[in-house]
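> How does the following fold in three dimensions:
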Amino acid sequence: MHALNLHTRPVSLSERLADFAVDALIDEADLSPKPALVDRRGNGAHTDLHLGLMHASALSLWPTFNAMAEAAQASGAIGLPLREAIGRIGREGEQAMLVTTQGVNTHRGGIWALGLLVTAAALEPGNVSASALSLRAARLALLEDRFAAKTASHGTQVAQQYGARGAREEAQLGFPSVLLRGLPQLKRSRAAGHGEQNARLDALLAIMTHLGDTCVLYRAGLAGLEAMQSGAQAVLDAGGSASLPGRRRLHALDEQLLQLNASPGGAADLLAACLLIDRLEQGELRDQGAY
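Have a look, this model is predicted:
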């Protein structure tokens, strides 16, 4: 057959959403300089993670996000069957991720947050405003998966110990750290001409200012959480990551969190969710003909 007669298959809605979710995880990993997190400079506060592993982990989750979106399209409605279907898909995806990373938990929180959002987007691809997406995701998260493991994760244990809001509760409330902190700051910094990378750093910092990050609490307790929240606010108060005073504050925060071994992994997961919602809000599903 002549090469000119070959036609590529159109990309489906579920495939496009999976692309967007993986892109969001990779964009979060690449963003630099993030305080005490894996980025292009190095491993942050982690001894078992590096940027290449974060990329490989994100790519390994593409089939998971694709399957979640397909399940949403097949179901067509929020309900227990869909909740349990994406729960099963998520657990299978986590196992595939752990095979890729040789047992290192790179994106467990990302599977939960972005999986819910991908599912929510696939249910109503014509209505992907931040508020609509978060509401559908919250309704899904509030449903009890009868097949989910009953053993508490480190994050759940820490959330109970300190009375913090864990990843489960954040989703059940409709991702307030993203909608009320991350997204507004992302848009403000863009409007101020700070550049896309600085705007994303500022969005991360805005999430960090109020989040009860269970990753930080697990590693460094309340002292680590206070250092994260107050330090992130200090960067924003100094003008954000695009300003020289803000950069100095950001460097100081990085050094402090590294000393405390406090890596804000929960905030990183929510930044990825923020980037995914932002991309959907900008109409890329419609522009690329995914629905």
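> switch to C-alpha atoms for all contacts and neighbour counts from now on
Will do.
> For the stretch 51-200 of the chain, which segments count as helices?
Shown for the stretch 51-200 of the chain, the helices assigned by DSSP state H, counting those that start in this stretch span residues 51-60, 62-75, 80-101, 108-123, 130-141, 154-162, 167-172, 176, 183-191, 196-208.
> Just put those in CSV and tack on mean neighbour count, mean pLDDT and distance to P264.
What follows is the helices of the stretch 51-200 of the chain, written out as CSV (neighbours: other Cα atoms under 10 Å; pLDDT from 0 to 100; distance: least, Cα to Cα, whole Å):
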stretch, mean neighbour count, mean pLDDT, distance to P264
helix 51-60, 19, 97, 15
helix 62-75, 22, 98, 24
helix 80-101, 19, 97, 20
helix 108-123, 26, 97, 12
helix 130-141, 21, 98, 22
helix 154-162, 17, 79, 12
helix 167-172, 20, 93, 13
helix 176, 17, 97, 17
helix 183-191, 19, 98, 18
helix 196-208, 26, 98, 8
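> is it possible to export those helices to CSV including distance to R40?
Formatted as CSV, the helices of the stretch 51-200 of the chain follow (distance: least, Cα to Cα, whole Å):
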stretch, distance to R40
helix 51-60, 7
helix 62-75, 22
helix 80-101, 18
helix 108-123, 19
helix 130-141, 29
helix 154-162, 26
helix 167-172, 26
helix 176, 28
helix 183-191, 21
helix 196-208, 13
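> And the pLDDT for A149?
pLDDT, A149: 78.
> neighbours of it, just the number please.
9 (other Cα atoms under 10 Å).
> what's the spacing between it and R91?
According to Cα to Cα, to the nearest Å, A149 and R91 sit 10 Å apart.
> mind exporting the helix or strand containing S14 as PDB, just the C-alpha atoms?
Using DSSP states H and E, S14 falls within helix 13-30. Extracted C-alpha coordinates of helix 13-30, given in PDB (Å, rounded to 0.1, in the frame of the first residue of the first chain):
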ATOM      1  CA  LEU A  13     -11.600  10.800  24.200                       C
ATOM      2  CA  SER A  14     -10.200   8.300  26.800                       C
ATOM      3  CA  GLU A  15      -6.800   8.300  25.100                       C
ATOM      4  CA  ARG A  16      -6.600  12.100  25.000                       C
ATOM      5  CA  LEU A  17      -7.600  12.300  28.700                       C
ATOM      6  CA  ALA A  18      -4.900   9.700  29.600                       C
ATOM      7  CA  ASP A  19      -2.400  11.800  27.600                       C
ATOM      8  CA  PHE A  20      -3.400  14.900  29.600                       C
ATOM      9  CA  ALA A  21      -3.100  13.100  32.900                       C
ATOM     10  CA  VAL A  22       0.400  11.700  32.100                       C
ATOM     11  CA  ASP A  23       1.500  15.100  30.800                       C
ATOM     12  CA  ALA A  24       0.300  16.700  34.100                       C
ATOM     13  CA  LEU A  25       2.400  14.200  36.200                       C
ATOM     14  CA  ILE A  26       5.500  14.700  34.000                       C
ATOM     15  CA  ASP A  27       5.000  18.500  34.000                       C
ATOM     16  CA  GLU A  28       4.800  18.500  37.800                       C
ATOM     17  CA  ALA A  29       8.000  16.300  38.100                       C
ATOM     18  CA  ASP A  30       9.900  18.500  35.700                       C
END
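> Which neighbouring elements make contact with it?
On a contact count with 3 or more Cα pairs under 8 Å, 6 or more residues apart in numbering; DSSP states H and E, helix 13-30 meets helix 51-60, helix 62-75, helix 108-123, helix 265-281.
> could I get those helices as a markdown table with distance to Q229?
A markdown table is the format used below for the helices and strands packed on helix 13-30 (distance: least, Cα to Cα, whole Å):
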| stretch | distance to Q229 |
| --- | --- |
| helix 51-60 | 25 |
| helix 62-75 | 31 |
| helix 108-123 | 20 |
| helix 265-281 | 11 |
